[in-house]
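Enquirer: Quick check, what structure comes out for this input:
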Amino acid sequence: MTLIVLIERLTRYAGHLAAVLILPLVAALAYEVFSRYVLDAPTLWAFETSYMMMGAIFMLGMANALRIGQHVSVDVITLKLAPRVNAAIRILCYLLFLPLMIWLTWEVFKYFYDAWESGERSGRSAWNPVVWPVYLIWCVGFSLMCLQLLAELMKSVRTLIKGDSEAQHREELV
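Expert: Here you go, the predicted structure:
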């Protein structure tokens with residue numbers, strides 16, 4: 001399925017971007033610690049940079065975590081079930097979860113749009129940056145999650161129909 005491959009490629013790239021963002025996060029925090037305790041001159045921007053970057057890492061990585069099966073799950077029962085039964089359970093869960101994620105994406109998009117239009121600022125520090133980039137990343141992250149949920153739904157439907165193992169497909173795409 002070409003659509004699944006395209007979605008998962010996009011999700012993988014977002015996951016790589018999230019992983020790369022760890023480096024500037026660590027650099028900013030290390031600089032803040034050095035500046036605060038060695039130079040006795042704390043920065044105005046490190047706190048806000050760190051929570052914004054950590055949020056971006058989380059939001060850009062959550063769809064990739066779903067793609068590779070790294071979200072928290074309790075498999076005590078499902079490990080003993082047939083692939084088709086597991087697929088049916090996942091289909092039900094994805095059908096319940098996808099509308100919620102679409103709604104969250106829409107709501108975050110409204111936050112982004114309002115912040116863009118108003119020039120909203122954080123108000124959490126003296127730096128006081130605009131917040132629309134944060135909301136944009138959240139919107140992108142939730143959109144990727146919706147797409148990945150759709151891909152997982154399609155893979156589960158394929159497993160339900162064909163009876164092949166989901167793990168087999170997951171190994172091909174990692």
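Enquirer: Next, the contact list for Cys139, please.
Expert: Going by CB atoms under 8 Å, 6 or more residues apart in numbering, Cys139 touches Thr105, Val108, Phe109, Phe112. C-betas here are computed from N, CA, C, even on glycine.
Enquirer: From these, pick the one nearest Ser118.
Expert: The shortest distance between Ser118 and any of the contacts of Cys139, using CB to CB, involves Phe112 and amounts to 11.2 Å.
Enquirer: Just the pLDDT for the nearest residue to that closest one once chain neighbours are set aside.
Expert: The shortest distance from Phe112 to any residue other than its chain neighbours is 3.7 Å, reached at Tyr135 (CB to CB, 6 or more residues apart in numbering). pLDDT recorded at Tyr135 is 95.
Enquirer: Tell me how many other residues surround Tyr135.
Expert: Using other CB atoms under 10 Å, Tyr135 is surrounded by 21 other residues.
Enquirer: One more: Tyr111?
Expert: 17.
Enquirer: Chain neighbours aside, what residue packs nearest to it?
Expert: Tyr135 (4.8 Å).
Enquirer: ok, back up a step: export the contacts of Cys139 to TSV and append columns for secondary structure, pLDDT and distance to Met59.
Expert: Formatted as TSV, the contacts of Cys139 follow (DSSP: H, G, I helix; E, B strand; the rest coil; pLDDT from 0 to 100; distance: CB to CB, whole Å):
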residue	secondary structure	pLDDT	distance to Met59
Thr105	helix	97	11
Val108	helix	96	9
Phe109	helix	96	13
Phe112	helix	96	12
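Enquirer: In PyMOL, select just the buried ones from these.
Expert: The PyMOL selection below is limited to those of those classed as buried (16 or more other CB atoms under 10 Å):
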select buried, resi 105+108+109+112
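Enquirer: so Ala56, which of the three states?
Expert: With DSSP: H, G, I helix; E, B strand; the rest coil as the basis, Ala56 sits in helix.
Enquirer: Verify the contact between it and Leu21 for me.
Expert: Yes. Contact criterion CB atoms under 8 Å: Ala56 and Leu21 qualify, at 5.9 Å.
Enquirer: which one of the two has more residues nearby?
Expert: Ala56 (21 against 17).
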